[in-house]
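Chemist: build me a structure from this.
(one chain, ligands or ions: 2)
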Amino acid sequence: MLMENAHYKSLFATLPTELFTIAEKVLAGIRIDTSECEALYLTDNLPLLSVLSNLVKERKMGSLVFFNRNMHIEPSNICVYNCRFCSYSRKHEQQGAWEMSIEEMLQKISAVKDKKITEIHIVGGVHPDRDLYFYSDLLREIKKIKPNIHIKAFTAVELEYMIQKAGIPLREGLAVLKVSGLDSIPGGGAEIFDKQIRLKICNEKTNGTNWLKIHETAHLLGIPSNATMLYGHIEKYSHRTDHLNKLRELQDRTGKFNAFIPLKYKNKNNELSKIQEISIIEDLKNYAVSRIFLDNIPHIKAYWPMIGKETTQLSLNYGVDDIDGTIEDSTKIYAMSGGEEKPALSVTQLSELIRKTGRKPVERDSVYNVIKEY
Ligand code: V47
Ligand code: SF4
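Modeler: Ligands and ions are numbered 1, 2, ... in the order given. Modelled structure (predicted):
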């Protein structure tokens, strides 16, 4: 429930000048700039961040909090790249490597044929031997089994590789995937766009400029997408601000990002393991600043298998309006880096989790049409 303007004004009265100006702007619905974004990151005034991000969130979505019924398919963890934060990828023959054939993946889909799952999320390693045609066959076969399922598949990093391997231009490759059944693109692979940081954490794969170009090209073809940011490793607030700003600029041009998903760096079993994971306070701050700065992206998603159920509940006071989905114990990526071991929540559990925070649970489809209010 939004407070009266006068109530906000009295809350803001004691703020130092810079924060006061930002608070007044947010209250008036005026966009904040990048230096103001950094100032929000630098403040320790968490109650203020909560009030402002909640204001932005409630103006957009009221007290609704979304979730969906989804499952993940991870075709393989074999990857040509060696991102230093990744706990998941393996080389051929290495212990722990797996790859599923199309038939094996279809068996997993067939097993849930009669469940009310509305979305299949497909993300995996960048497999050296698999190109666009392998994946477009997969998409077509999935749609034969479940014609109405929404397929959200392949990060920009996977897309760049598979399309280059097929030897066709990016736009054409995306168009082939679209006619084969690709409905939207997940937000992964964005990490942090800054060149210097990328050089230190993932110097081999798609750079920031190309990540943005791939999403822009998809948007222009009518394929919506999500965006992510991997935070809490070696980046500074200035790098996060730059990242958010690049996303906001692209969204101003296309309007096709559905959701922004901050991904907290988890430190188990990877080359950056010496880095301590950042605090929950920092997570909440990051959700709030993202909600306030990204005024043109409709949804901020807290990915519950990564941050846990309690922090997910807290995040709903810091601008988050989406907590992803049931997942059905179908992902290994996050368990391997220290996330939830066997992530799965029923619709009842998800709605309870939301309702306990005083918000209204809503089951959505992949483009945020309401399926059912709980
Ligand atoms: O790009 C890898 C991240 C991403 C770690 O669009 C890590 O709805 C934390 O695309 N600690 C892939 N994060 C995941 C992804 C995704 C996830 C949830 C929802 C959506 C969506 C998309 O996973 C990678 C990378 O940023 N990641 N390793 C780690 N150690
Ligand atoms: Fe490969 Fe993705 Fe892991 Fe990087 S993050 S090594 S691209 S699976």
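
Chemist: give me the most central residue, this structure.
Modeler: residue 261 (3.0 Å; CA atoms, centre = their mean).

Chemist: low pLDDT regions in the stretch 101-250 of the chain?
Modeler: The stretch 101-250 of the chain contains no residues with pLDDT under 70.

Chemist: near ligand 1, which residues of it are found?
Modeler: 123, 155, 186-189, 191, 226, 228, 230 (CB under 6 Å from any ligand atom). Bear in mind the C-beta positions are built from the backbone N, C-alpha and C, glycine included.

Chemist: distance of residue 7 from ligand 1?
Modeler: Remark: distance between residue 7 and ligand 1 (CB to the nearest ligand atom, to the nearest Å) = 35 Å.

Chemist: can you confirm that residue is in a strand?
Modeler: No. Residue 7: not assigned to a strand; according to DSSP: H, G, I helix; E, B strand; the rest coil it is helix.

Chemist: for the helix or strand hosting residue 35, buried residues please.
Modeler: Take DSSP states H and E as the rule and residue 35 turns out to sit in helix 34-42. When burial is assessed from 16 or more other CB atoms under 10 Å, helix 34-42 yields the following buried residues: 36-41.

Chemist: which other helices and strands contact that helix?
Modeler: Contacting helix 34-42 under the criterion 3 or more CB pairs under 8 Å, 6 or more residues apart in numbering; DSSP states H and E are the following elements: helix 17-28, helix 237-254, helix 280-293.

Chemist: okay if I get these as CSV plus mean neighbour count?
Modeler: Formatted as CSV, these follow (neighbours: other CB atoms under 10 Å):
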stretch, mean neighbour count
helix 17-28, 16
helix 237-254, 18
helix 280-293, 23
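
Chemist: hmm, back to that, which one of the residues of the stretch 101-250 of the chain next to ligand 1 sits closest to residue 274?
Modeler: When those are ranked by distance to residue 274 (CB to CB), residue 230 comes first, at 16.7 Å.

Chemist: pretty sure the closest one is in a strand, no?
Modeler: Yes. With three-state DSSP as the criterion, residue 230 is part of a strand.

Chemist: that one pairs with what?
Modeler: Residue 230 has these beta-bridge partners by DSSP bridges: residue 263.

Chemist: quick check: phi and psi at residue 89.
Modeler: phi -80, psi 150 (degrees, to the nearest 10).

Chemist: quick one, what contacts it?
Modeler: 77-79, 81-83, 125 (CB atoms under 8 Å, 6 or more residues apart in numbering).

Chemist: how about 7 Å then?
Modeler: 77, 79, 125 (CB atoms under 7 Å, 6 or more residues apart in numbering).

Chemist: most neighbours of all these, which one?
Modeler: Among those, residue 125 has the most neighbours (other CB atoms under 10 Å), with 25 neighbours.

Chemist: check the contacts of residue 89 against ligand 2, which are close?
Modeler: 79, 125.

Chemist: hmm, back to that, tilt between the helix holding residue 35 and helix 237-254?
Modeler: 130 degrees (axes from the mean of the first three to the mean of the last three CA atoms, to 10 degrees).

Chemist: for helix 34-42, give me every contacting residue.
Modeler: Contacts of helix 34-42 (CB under 7 Å, 6+ apart): 18-19, 22, 49, 237-238, 240-241, 244-245, 285, 289, 292-293.

Chemist: many thanks, have a good one.
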